[in-house]
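# Sequence and predicted model, in that order:
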Amino acid sequence: AAVIGGVVLPEMGLVPSRVPLSILFNGGVLSVLMLAAPRLLVRMGGWHGLREHKDSPRRPVLIAGAGSAGQMILKEIMANPELGLRPVGFVDDDPTKQGLRIGNLPILGTLADAPDVIKQYRVAEVLIAMPRATGSAIRRVVQAALDAGAKTRTVPGLSEVLSGRVSVSTLRNVEIQDLLRREPIQTDLRQVAQLAHDHTVLVTGAGGSIGSELCRQISALGPAKVVMLGHGENPIFEILNELRKKHTGVDFVPVIADIRDIRRVREVFDTHRPFAVFHAAAHKHVPLMEGNVVEAVTNNVLGTKNIVDVSVDCGVQHFVFISTDKAVRPTNVMGASKRVAEHVVRRAALKHKTNFVA
């Protein structure tokens, strides 16, 4: 415009003289202001609305990941102040981003700094925007948030980031596959149902963390009876009440017994004649078993042998022994005891040609 007004128009005789430079300069500045002002006002208005919006409580949030997904999340928050979110900054492991500001938000440190950042800024929620991060990195962020009492949500996946569909509305709670960063293994429940449907199933260690979950899963497969055998009365009482409310058509039988007492074990098996047995009873605390070797051996090894021998005598069709990864090249008492118990089950399977597995 300055070239046209100052040179072209006078040369063409369309104006009587050259336009003064002050007019050209002022006109240029005004043109820039007119073009840039609306964009600046929108941007400033977005931040002002984000800070001053009072229709909903403003929760301080930390964005883990300053890449494309994190920036999309930030833009979404800025454009929607009614979400009631107040981003305090990013954490990112990229060394080239440290000390920078993205979208007027600072990079507050690396993922390792997340615990301190969460506490310093009193973060209420961590938004994980790292679709390519490893499972260990996700676990560190989730653990830091849990330790500080903050919630966590994550972007759904890399495809959403690439397609530009990432928004706060698509954020979801962190799931187990996010921590593993692999597809979860899908169990063929139809085959498992053959072990339980319309049959009597016995679960040892039914009050423990693994045994109680086995009872929950088995109860959903329509067994005729679930015998819940455990040594602690309170855990058995709790899982019994829980399952009786959910599965009214299943006969739940609580049994308080010690698997080291073979007479009591035989009495239980003779009474209920289970079709399938899930053996989860065990001492599994590694440090405690180092100082209680006798308990580890008598419970994990001799107790397993009792359950296996009685299962063979009572004609149990399927036996599943719940072992541990610590039984692989064991370096502690607990792992060694479970390794020996695996051999007990294997020996019975080979000797009696039964469906006994560990």
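Alright, I've got the coordinates. Since the model is a prediction, treat every value here as computed from it, not as a measurement.

# From now on I want contacts and neighbour counts done on CA atoms only, so please keep to that.
OK.

# helix or strand right after the helix or strand encompassing residue 350?
Using DSSP states H and E, the element containing residue 350 is helix 333-352. Note on helix 333-352: by DSSP H and E, the next helix or strand toward the C-terminus is strand 355-357.

# Can you read off the backbone torsions of residue 299?
Main-chain dihedrals, residue 299, degrees, to the nearest 10: phi -80, psi -50.

# ok, now which ones touch it?
When contacts are counted by CA atoms under 8 Å, 6 or more residues apart in numbering, residue 299 touches 259-260, 282-283.

# Check residue 62 too.
87-91, 118, 123, 125-127.

# can you give me the strands in the stretch 201-350 of the chain?
For the stretch 201-350 of the chain, applying DSSP state E, counting those that start in this stretch gives strands covering 225-230, 251-256, 276-279, 318-321.

# of those, which approaches residue 268 most closely?
With respect to residue 268, and counting by CA to CA, the nearest of the strands of the stretch 201-350 of the chain is strand 251-256 at 8.0 Å.

# quick one, the closest one and strand 225-230 angle?
Angle, strand 251-256 to strand 225-230, by axes from the mean of the first three to the mean of the last three CA atoms, to 10 degrees: 20 degrees.

# Would you mind extracting the C-alpha trace of strand 251-256 into PDB?
The C-alpha trace of strand 251-256 is given here as PDB (Å, rounded to 0.1, in the frame of the first residue of the first chain):
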ATOM      1  CA  ASP A 251     -25.100 -71.700  46.400                       C
ATOM      2  CA  PHE A 252     -22.200 -70.300  48.300                       C
ATOM      3  CA  VAL A 253     -20.600 -72.400  51.000                       C
ATOM      4  CA  PRO A 254     -18.100 -70.800  53.400                       C
ATOM      5  CA  VAL A 255     -15.500 -73.100  54.900                       C
ATOM      6  CA  ILE A 256     -13.000 -72.100  57.500                       C
END
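
# For residue 187, which of the strands of the stretch 201-350 of the chain is the nearest?
Nearest of the strands of the stretch 201-350 of the chain to residue 187, taken as CA to CA: strand 318-321 at 15.3 Å.

# Could you list the paired strands of that closest one along with their orientation?
Counting by DSSP bridges, the strands paired with strand 318-321 are strand 276-279 (parallel), strand 355-357 (parallel).

# Can you tell me which of these is nearest to residue 73?
Residue 73 lies closest to strand 276-279 among those, at 46.4 Å (CA to CA).

# With mean pLDDT, distance to residue 211 and mean neighbour count as new columns, can the strands of the stretch 201-350 of the chain be given to me in CSV?
Output for the strands of the stretch 201-350 of the chain, formatted as CSV (pLDDT from 0 to 100; distance: least, CA to CA, whole Å; neighbours: other CA atoms under 10 Å):
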stretch, mean pLDDT, distance to residue 211, mean neighbour count
strand 225-230, 96, 9, 24
strand 251-256, 97, 13, 18
strand 276-279, 96, 8, 23
strand 318-321, 96, 11, 20
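
# Alright, that wraps it up for me.
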